[in-house]
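**Student:** sequence plus predicted model, see below.
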Amino acid sequence: MMFRNKSEKHIVKKSALQRSIVLDERKRRKNLLDTLIIGSLCFGLSVTFIVLIKYIFTTDYSGLSPVVCGIITLAIYFLLRLSRLGYVNSATLLFLSIVYCISTYTLMRWGVLAPEGLLAYGVLIVLAGILTTSRAAFATTLLCAATLALLLMLDQEGQIIVDNTWLAKPAGYDDILVFALTLLIVAIVSWLSNREIRQSLGRALKSEAMLKHERDKLEDTVRERSRELERLQLRKTIELQKFAEFGRLSSSLLHDLASPLMAASMSIGQIKDDKHLSVLEDAKLSLRQIEMYVKHARAQLHEREKSENFNIKSEIAKIIRSLSISANDEVNVVFGEGVPTILTGDAAQFDRIVANLISNAFDAQKPSPKKVVDIKLMRLRESITLEVVDHGKGIPNDVLPRIFEAFYTTKPQGESMGIGLVIAKNAVEDHFKGTIEVHNSGYAGACFTITIPLNKKL
């Protein structure tokens, strides 16, 4: 889930916490309600059985009808089924209503001073507070008080017939037993409520401990990631320092090479020897290419690059001649259909990219006596692709992800600085706005693929 800001995330967390609290409270009330209903059901069955025995074997029985007791017991069983189906609020309201009706019936039959009825009202108020809310307990208190006032008024006006004969009888042990049972019910309800509250508190403490554990794990993860970032920044800083030092050395080296190269080129130009004419021409070509590299490197160090049209075939042929390839080695160049011969950009940049890839392709086939490099150019819609494939052993899979990292090389120490492919990659992406990828080909060794868009402004 994505959040637009921290406040929205805080609101979502707060609402999730509130839902958790509400669900926990509902679970607590449901467990308490089920326990009370099961207890009431057992009590109802016992009362129904006792009333039925008295009704059968007592000739002058004047108590509750066994039918009424049975109906009340069935109603309590219905409440249990309703609660198990998930209708907790409805079951709670009906359960409180049954307790209210039984209490009111007791007071209406034996008067508003009947202790059993008054204690039953007390139990009702306690149940309302525990099973619902404190407001419901106060509302139930007002309802019970209003009911007592109404019953008293109806009794005084003669609207209801109250059996007050129990007032003339002395209190017996059965009355004490009823009072004790009623008070025991209040104690049991309070104990159940406190037990559920303690369990909820235990779950809350356990959740808090788990949350603290997760927070500590998150802090450890953040610290570890911070250390990794610091190490990465340090490594990048060291690489930048190496590049800066390499740039300073290159600038000095180019300055020192420029004059001797110019003098060597002029001296070779004055030599006229028909026997070694081809060799001299190759030497002059190499010197001109080195001069071009020096000029380009100077321009690059001063952040000056030129963009012009150049012939791809001519540049590749010139690169192959300048690499002094052995007679046993072979470079196969294939131009696909529709490949343009003219490309716009910096020719020196292009030469450096291709020369680097061809040199690496030959190095990958050492110490083979015959080295073969395949170069293939193709056109794909509005771009051209250049593939350089060697016939070596390929690049190990664990090396492939790091092949374009600065100063990373698989060659023996001292043979490579590990920046050739980095320079080629930067030239392809920054100057030609293209991409360079590498993979192991199925029929040969490593395959470097360069894609250069044709309609991209350089």
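**Tutor:** In hand now; what should we look at?
**Student:** which is the next helix or strand following the lowest-mean-pLDDT helix or strand in the chain?
**Tutor:** Ranked by mean pLDDT, DSSP states H and E, the weakest helix or strand in the chain is helix 277-301, scoring a mean of 60. With elements assigned by DSSP states H and E, the helix or strand that comes after helix 277-301 is strand 308-311.
**Student:** buried stuff in that following strand?
**Tutor:** Buried positions in strand 308-311, judged by neighbour count with 16 or more other CB atoms under 10 Å: residue 310. The C-beta positions use only the backbone N, C-alpha and C, and glycine is treated the same way.
**Student:** neighbouring strands of that strand in the sheet, and parallel or not?
**Tutor:** Take DSSP bridges as the rule and strand 308-311 pairs in its sheet with strand 342-345 (antiparallel).
**Student:** right, and the helix or strand after the strand it pairs with?
**Tutor:** If you walk from strand 342-345 toward the C-terminus, the next helix or strand you reach (DSSP H and E) is helix 347-363.
**Student:** what helices or strands is that following helix leaning on?
**Tutor:** Under the contact criterion of 3 or more CB pairs under 8 Å, 6 or more residues apart in numbering; DSSP states H and E, helix 347-363 touches helix 277-301, strand 308-311, helix 312-322, strand 372-380, strand 383-390, helix 420-426, strand 446-453.
**Student:** residues in contact with residue 173?
**Tutor:** Under the criterion of CB atoms under 8 Å, 6 or more residues apart in numbering, residue 173 has no neighbours.
**Student:** what comes into contact with stretch 89-109?
**Tutor:** By CB under 8 Å, 6+ apart, stretch 89-109 touches 29, 33, 36-37, 40, 72, 75-76, 79-80, 82-83, 114, 116-118, 120-121, 123-124, 127-128, 131-132, 140, 143-144, 147-148, 151, 160, 162-163.
**Student:** so which bits of it are buried?
**Tutor:** Of the residues in stretch 89-109, those buried under the neighbour-count criterion (16+ other CB under 10 Å) are 89, 91-92, 94-96, 98-100, 102-104, 106-108.
**Student:** from those, pick the one nearest residue 435.
**Tutor:** Proximity of the buried residues of stretch 89-109 to residue 435, judged by CB to CB, is greatest for residue 89, which lies at 64.2 Å.
**Student:** give me the three-state assignment for the closest one.
**Tutor:** For residue 89, the reduced secondary structure class is helix; criterion used: DSSP: H, G, I helix; E, B strand; the rest coil.
**Student:** likewise for residue 396?
**Tutor:** On the three-state scheme (three-state DSSP), residue 396 is labelled coil.
**Student:** ok, it to residue 206 distance?
**Tutor:** 50 Å (CB to CB, to the nearest Å).
**Student:** burial of residue 209, as a residue count?
**Tutor:** Residue 209: 10 surrounding residues under other CB atoms under 10 Å.
**Student:** also the one 10 residues further on?
**Tutor:** Residue 219 sits with 10 neighbouring residues when counted by other CB under 10 Å.
**Student:** likewise residue 351?
**Tutor:** Here the count is done by other CB under 10 Å, and residue 351 has 20 residues near it.
**Student:** surely it and residue 319 touch.
**Tutor:** Yes - here residue 351 lies in contact with residue 319, judged by CB atoms under 8 Å, at a distance of 5.6 Å.
**Student:** just give the closest residue to residue 124, not the sequence neighbours.
**Tutor:** With CB to CB, 6 or more residues apart in numbering as the measure, residue 99 is the residue that lies nearest to residue 124, at 4.9 Å, once sequence neighbours are left out.
**Student:** just the element for the one you found, please.
**Tutor:** helix 88-110.
**Student:** how about the closest residue to residue 26 other than its chain neighbours, what does it touch?
**Tutor:** For residue 26, ignoring the flanking residues on the chain, the nearest one in space by CB to CB, 6+ apart is residue 88 at 6.5 Å. Counting by CB under 8 Å, 6+ apart, residue 88 touches 26, 29, 30, 33.
**Student:** the residues you listed in helices, which ones?
**Tutor:** 26, 29, 30, 33 (DSSP state H).
**Student:** just flag the most distant two among the residues you listed.
**Tutor:** Within those, two members stand farthest from each other by CB to CB: 26 and 33, at 10.3 Å.
**Student:** which of these two has more neighbours?
**Tutor:** Applying other CB under 10 Å to residue 26 and residue 33 shows that residue 33 carries more neighbours, namely 22 against 12.
**Student:** ok, residue 191 to residue 44 distance?
**Tutor:** Taking CB to CB as the measure, residue 191 and residue 44 are separated by 21 Å.
**Student:** comparing those two, which shows the higher neighbour count?
**Tutor:** When residue 191 is set against residue 44 and neighbours are counted by other CB under 10 Å, the residue ahead is residue 44, at 21 against 10.
**Student:** identify the residues contacting that one.
**Tutor:** 69, 72, 73, 76.
**Student:** swap in residue 32?
**Tutor:** If you count contacts by CB under 8 Å, 6+ apart, residue 32 has them with 130, 131, 192, 193, 196.
**Student:** tally of neighbours for the third one?
**Tutor:** Counted by other CB under 10 Å, the residues lying close to residue 192 total 18.
**Student:** in whichever strand or helix holds residue 123, what's buried?
**Tutor:** Taking DSSP H and E as the criterion, the element that holds residue 123 is helix 115-131. The neighbour-count criterion (16+ other CB under 10 Å) identifies 116-131 as the buried residues of helix 115-131.
**Student:** can you check stretch 352-366 too?
**Tutor:** Buried residues in stretch 352-366, counted by 16+ other CB under 10 Å: 352, 353, 354, 355, 356, 357, 358, 360, 361, 362, 364, 365.
**Student:** how about stretch 411-429?
**Tutor:** Within stretch 411-429, the residues that count as buried by 16+ other CB under 10 Å are 416, 418, 419, 420, 421, 422, 424, 425, 426, 427, 428.
**Student:** how about the residues you listed, which pair is most distant?
**Tutor:** Going by CB to CB, the pair spanning the buried residues of stretch 411-429 furthest: 416 and 428, at 19.3 Å.
**Student:** residue 200: neighbour count?
**Tutor:** Other residues near residue 200 number 15, with proximity taken as other CB under 10 Å.
**Student:** now residue 441
**Tutor:** Neighbours of residue 441 using other CB under 10 Å come to 15.
**Student:** surely it and residue 389 touch.
**Tutor:** Yes - judged on CB under 8 Å, residue 441 makes contact with residue 389 at a distance of 5.7 Å.
**Student:** between the two, which contacts overlap?
**Tutor:** Counting by CB under 8 Å, 6+ apart, the common neighbours of residue 441 and residue 389 are residue 447.
**Student:** domain ranges for this protein?
**Tutor:** Here the chain is described, according to automatic domain parsing, as comprising the domains 6-218, 307-453.
**Student:** nearest to residue 233, out of these?
**Tutor:** Relative to residue 233, the nearest member of the domains of the chain by CB to CB is domain 307-453, separated by 14.7 Å.
**Student:** now that closest one: mean pLDDT?
**Tutor:** Confidence over domain 307-453, taken as the mean pLDDT, stands at 82.
**Student:** where's that domain relative to the chain centroid, distance-wise?
**Tutor:** When C-alpha coordinates are averaged (CA atoms, centre = their mean, to the nearest Å), domain 307-453 and its chain have centres 40 Å apart.
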